[in-house]
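Undergrad: have a look; sequence and predicted model below, questions after that.
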Amino acid sequence: MTLDRTATVAQIVTEHAAAARVFQKHRIDFCCGGDVTVAEACRNRPVEPDALFAELEATLPEAGAGDAEDPRALSTPELIGLIVERHHGYLRQALPYLAPLAAKVARVHGEHNPKLAPLLETFTELRAALEPHIDDEERTLFPALVAASSDPAALRGELAGMLEEHRAVGALLERSRSLSDGFTVPEWGCNSYRVLMAELEALETDVLRHVHLENHVLMPRFV
């Protein structure tokens with residue numbers, strides 16, 4: 001497989017969902033900052049564009065059926081249903097589960113790793129941002145997007161607000177990855193520590209893909 005060198009990061013992920021994990025590995029934003037080429041995204045980063053393209057092109061053929069589902073082929077109600085069922089549903093389970101786990105690890109191991117207390121604070125901020133965000137989408141934004149009588153100007157305002165909230169969530173995710181040292185577990189880390197790091201990384205993965213769908217598949221239908 002040969003990828004288009006002029007495509008944006010977001011376009012590559014939209015065409016090939018499995019590319020998301022490669023960009024995530026290299027901490028390249030394919031959501032709110034995805035409207036840049038790979039060459040632009042690699043500036044000031046420890047990865048060269050040619051090397052990143054080689055990794056992408058080696059990875060994508062292995063994805064196989066993983067790229068079979070193309071969200072662009074879904075109608076707007078179907079796409080919204082996918083977002084709500086897959087991503088909102090995940091958050092409604094993961095966030096309450098992670099809260100006491102993050103508090104426990106910070107309490108037990110905070111003396112060994114002083115980053116755990118700010119990591120807990122960051123997670124708490126992230127939860128406080130995400131839970132009302134998805135509630136508002138389901139109550140207000142999504143019904144407006146499928147309503148035939150919606151005011152286009154009002155929709156654009158709602159979508160602009162969604163995008164700003166996504167940027168704030170992206171910054172919190174980046175801080176979480178930094179404070180967790182890339183979700184690594186020290187040698188002395190207990191099982192709870194290992195589970196927390198694995199679940200925080202899974203949360204990052206799901207939220208990034210969730211935001212990508214809204215920013216680059218759903219939003220362009222209306223803006």
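TA: Right, received. Where do you want to start?

Undergrad: which of the helices and strands in this structure ranks last by mean pLDDT?
TA: helix 49-63 (a mean of 86; mean pLDDT, DSSP states H and E).

Undergrad: which strands and helices lie in contact with that one?
TA: helix 19-25, helix 38-41 (3 or more Cβ pairs under 8 Å, 6 or more residues apart in numbering; DSSP states H and E). Where C-beta positions appear, they are placed from N, C-alpha and C, glycine not excepted.

Undergrad: list the buried residues in the first one.
TA: Which is helix 19-25. Neighbour counts over helix 19-25 (16 or more other Cβ atoms under 10 Å) mark 19, 20, 22, 23, 24 as buried.

Undergrad: just stretch 188-196 next, same as before
TA: In stretch 188-196, counting by 16+ other Cβ under 10 Å, buried: 189, 193, 195, 196.

Undergrad: all helices for this structure, in order.
TA: In the chain, the segments counted as helices under DSSP state H are 9-15, 19-25, 38-41, 49-63, 76-82, 89-109, 116-136, 142-146, 152-179, 191-213.

Undergrad: out of these, deepest packed?
TA: Most buried of those, by mean neighbour count (mean count of other Cβ atoms under 10 Å): helix 9-15, with a mean of 22.

Undergrad: how about low-confidence regions in this structure?
TA: Scanning the chain for pLDDT under 70 picks out 62-68.

Undergrad: show me how it divides into domains.
TA: 9-67, 74-221 (automatic domain parsing).

Undergrad: possible to save those domains as JSON lines with distance to residue 3?
TA: As requested, the domains of the chain are exported to JSON lines (distance: least, Cβ to Cβ, whole Å):
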{"stretch": "domain 9-67", "distance to residue 3": "6"}
{"stretch": "domain 74-221", "distance to residue 3": "16"}
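
Undergrad: returning to what we had before: pull the CA atoms of the least confident helix or strand of the chain into PDB?
TA: What follows is helix 49-63, C-alpha atoms only, in PDB (Å, rounded to 0.1, in the frame of the first residue of the first chain):
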ATOM      1  CA  PRO A  49       8.000  11.700   7.600                       C
ATOM      2  CA  ASP A  50       9.500   8.900   5.500                       C
ATOM      3  CA  ALA A  51      10.000   6.600   8.500                       C
ATOM      4  CA  LEU A  52       6.400   7.300   9.600                       C
ATOM      5  CA  PHE A  53       5.000   6.600   6.200                       C
ATOM      6  CA  ALA A  54       7.000   3.400   6.000                       C
ATOM      7  CA  GLU A  55       5.500   2.400   9.400                       C
ATOM      8  CA  LEU A  56       2.000   3.300   8.300                       C
ATOM      9  CA  GLU A  57       2.300   1.400   5.000                       C
ATOM     10  CA  ALA A  58       3.700  -1.600   6.700                       C
ATOM     11  CA  THR A  59       0.900  -1.600   9.300                       C
ATOM     12  CA  LEU A  60      -2.200  -0.900   7.300                       C
ATOM     13  CA  PRO A  61      -2.200  -4.000   5.100                       C
ATOM     14  CA  GLU A  62      -2.200  -6.100   8.300                       C
ATOM     15  CA  ALA A  63      -5.300  -4.300   9.500                       C
END
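
Undergrad: give me the contact list for it.
TA: The set of residues external to helix 49-63 that reach it, using Cβ atoms under 8 Å, 6 or more residues apart in numbering, is 1-3, 5, 12, 16-19, 21-22, 26, 28, 38-39, 42, 67.
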